[in-house]
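> the following comprises the amino acid sequence and a computationally predicted model.
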Amino acid sequence: MATDSHLFIGLISGTSADGIDAALVRFDASPDGDKHARCRLVRGHSHAWPAPMRARLVEIGQGARIDSLDEIATLDVQAGEAFAEAALALIDAAGLSADAITAIGSHGQTVRHRPAGAAYDGRHPFTWQIGDAHVIAERTGIATVADFRRRDLAAGGHGAPLLPALHNALLRAPDEDRAVLNLGGIANLTLLPADPDAAVRGFDTGPANCLMDAWCLRHTGRDYDAGGTFAADGSPDGTLLARLLDEAWFAEPPPKSTGREQFHLDWVAARLSGDERAEDVQATLLELSARTIADALRATQPGTQRLLACGGGVHNPLLMARIAAHLPGVRVESTAVHGVDPDLVEAMGFAWLARQTLAGGAGNLPSVSGATGPRVLGVVHPAAR
């Protein structure tokens, strides 16, 4: 793959399942070789899930019963078709043809994530993303790399987070300790110390938007709390917050990861007294996200000077303000300040991972996931000849 320039597409639908993000990324070889190629976003696209399909994906992601093998297998194919549509729409919007794209990296849609730990103590940890990559390769005519997480789990890791390597390449600085915060359904941190010899670390901190989105949908009919206005109408309930913070998972040391199957509305309901106002619960869930993020950062990199946020939560000013309030002395800002679109960082990451796979390079960081060593991630589904 030692050529001057390659175009890749990254596709992801995250924990919130609020749409498929597609990123067209160009990799340009740097003077010190293809291994350190520079990447930049060319164009992005957000593709909506069909409403009934999204609703079912969210239910399953929160642990709902799967009715039959036929149902989940059908959803796998339907999701693959939706991911292919997202890639083709992006290619069309960019004025390109499929043969201009080297490969697609598709994360898929997570329906279960069960790494070993407090939430799942089985001897057979697993993670499962649907969105049949065979379908994506056939519909687009482009080689597709998918199933990125399971090799890391097989090597003793958590299979998550997978993007700290990209954060390291794009956002590390030699003059300050930084952290990158992804505010998707679940929040995760990447720790980027100024010391070039220090290892990059990363881990999930708990809920970011998933609980707030689900509570907002139940009580307002809206998929998410735009601008944090629902939470702003309420006040955090200190007693409820203490019950939520008492969850054992928060006290686990990294490496760790989680998902909707751990943090869902039944988990919240088990901690309610029953007389709380809906807006106060929303405000408390927002405070839970801000508090657990800040606590995790202070515990793992107390000298952090700058926190760079990405993901949908960046657009919730109340959430951003509460995180900053819990981190005095830390500059909290969007990755956009540093030229990286906060809505497309994750999709860019799966373009980067696809490129790593095709080049035979490791996609994981053992210092992040806890795997026993670096591994080439993903399975390649070649384009039809």
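Here it is on my side, so go on.
> and the longest helix for the protein?
helix 69-93 (DSSP state H).
> helices or strands up against it?
The contact analysis (3 or more CB pairs under 8 Å, 6 or more residues apart in numbering; DSSP states H and E) places helix 69-93 against strand 5-13, strand 20-30, strand 33-47, helix 51-61, strand 103-114, strand 126-130, helix 133-140. In short, each C-beta sits where N, CA and C put it, glycine included.
> by average pLDDT, which secondary structure element in this structure comes out worst?
strand 33-47 (a mean of 80; mean pLDDT, DSSP states H and E).
> could you dump the helices and strands packed on helix 69-93 to CSV with distance to G312 and mean neighbour count?
Shown next, in CSV, are those (distance: least, CB to CB, whole Å; neighbours: other CB atoms under 10 Å):
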stretch, distance to G312, mean neighbour count
strand 5-13, 12, 25
strand 20-30, 10, 22
strand 33-47, 10, 16
helix 51-61, 14, 17
strand 103-114, 16, 26
strand 126-130, 19, 19
helix 133-140, 24, 21
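> got these as JSON lines, with distance to A194 columns?
Formatted as JSON lines, these follow (distance: least, CB to CB, whole Å):
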{"stretch": "strand 5-13", "distance to A194": "28"}
{"stretch": "strand 20-30", "distance to A194": "22"}
{"stretch": "strand 33-47", "distance to A194": "19"}
{"stretch": "helix 51-61", "distance to A194": "37"}
{"stretch": "strand 103-114", "distance to A194": "30"}
{"stretch": "strand 126-130", "distance to A194": "32"}
{"stretch": "helix 133-140", "distance to A194": "38"}
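> so which of the ones you listed is nearest L166?
Nearest to L166 among those is strand 33-47; the distance by CB to CB comes to 7.9 Å.
> hmm, back to that, lowest mean pLDDT across the helices and strands packed on helix 69-93, which one is that?
Of all the helices and strands packed on helix 69-93, strand 33-47 carries the lowest average pLDDT, namely a mean of 80.
> for the residue in the chain sticking out farthest from the centre, grab phi and psi.
Using CA atoms, centre = their mean, the residue of the chain lying farthest from its centre is D275. It sits 33.8 Å away. When read as degrees, to the nearest 10, the backbone of D275 gives phi -110, psi 10.
> and the longest helix of the chain, what's buried?
Neighbour counts over helix 69-93 (16 or more other CB atoms under 10 Å) mark 75-76, 78-80, 82-88, 90-91 as buried.
> now for these: which two are most distant?
Farthest pair in these (CB to CB) is L75 and I91. Separation: 24.6 Å.
> now stretch 182-192: average pLDDT?
On average, stretch 182-192 scores 97.
> so how far is that stretch from its chain's centroid?
7 Å (CA atoms, centre = their mean, to the nearest Å).
> one more: stretch 126-138?
Relative to its chain's centre, stretch 126-138 lies at 17 Å (CA atoms, centre = their mean).
> kindly report the same for stretch 274-284.
27 Å.
> and for stretch 265-276?
Remark: stretch 265-276 is offset 26 Å from the chain centroid, using CA atoms, centre = their mean.
> and the gap between the residue farthest from the centre of the chain and V368?
Distance, D275 to V368, by CB to CB, to the nearest Å: 42 Å.
> ditto for A194
18 Å.
> likewise P236?
31 Å.
> who has more neighbours, those two?
For P236 versus V368, neighbours defined as other CB atoms under 10 Å are more numerous around V368 (28 against 20).
> wait, doesn't that one sit right on S257?
No. Between V368 and S257 no contact is recorded; they are 9.8 Å apart, counting by CB atoms under 8 Å.
> overlap in contacts of the two?
With contacts taken as CB atoms under 8 Å, 6 or more residues apart in numbering, V368 and S257 have 161, 203 as neighbours in common.
> with pLDDT and distance to W352 added, can I get the buried residues of helix 69-93 in CSV?
CSV is the format used below for these (pLDDT from 0 to 100; distance: CB to CB, whole Å):
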residue, pLDDT, distance to W352
L75, 96, 27
D76, 97, 25
Q78, 97, 27
A79, 97, 22
G80, 98, 21
A82, 98, 22
F83, 98, 17
A84, 98, 20
E85, 98, 22
A86, 98, 18
A87, 98, 16
L88, 98, 21
L90, 98, 16
I91, 98, 18
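> ramachandran angles for the nearest residue to G141 once chain neighbours are set aside?
Nearest residue to G141 in three dimensions, chain neighbours excluded: A98, at 4.7 Å (CB to CB, 6 or more residues apart in numbering). Note on A98: backbone dihedrals following degrees, to the nearest 10 are phi -60, psi -30.
> do G360 as well
phi 80, psi 20.
> any idea how far L353 is from it?
According to CB to CB, G360 and L353 sit 13 Å apart.
> give me the neighbour count for the residue lying closest to R178 once chain neighbours are set aside.
Using CB to CB, 6+ apart and skipping residues adjacent in sequence, the residue nearest R178 is L192, 4.4 Å away. The burial count assigned to L192 is 26, neighbours taken as other CB under 10 Å.
> the nearest residue to A324 once chain neighbours are set aside: which element?
For A324, ignoring the flanking residues on the chain, the nearest one in space by CB to CB, 6+ apart is V332 at 4.2 Å. Here V332 sits within strand 331-334, counting by DSSP states H and E.
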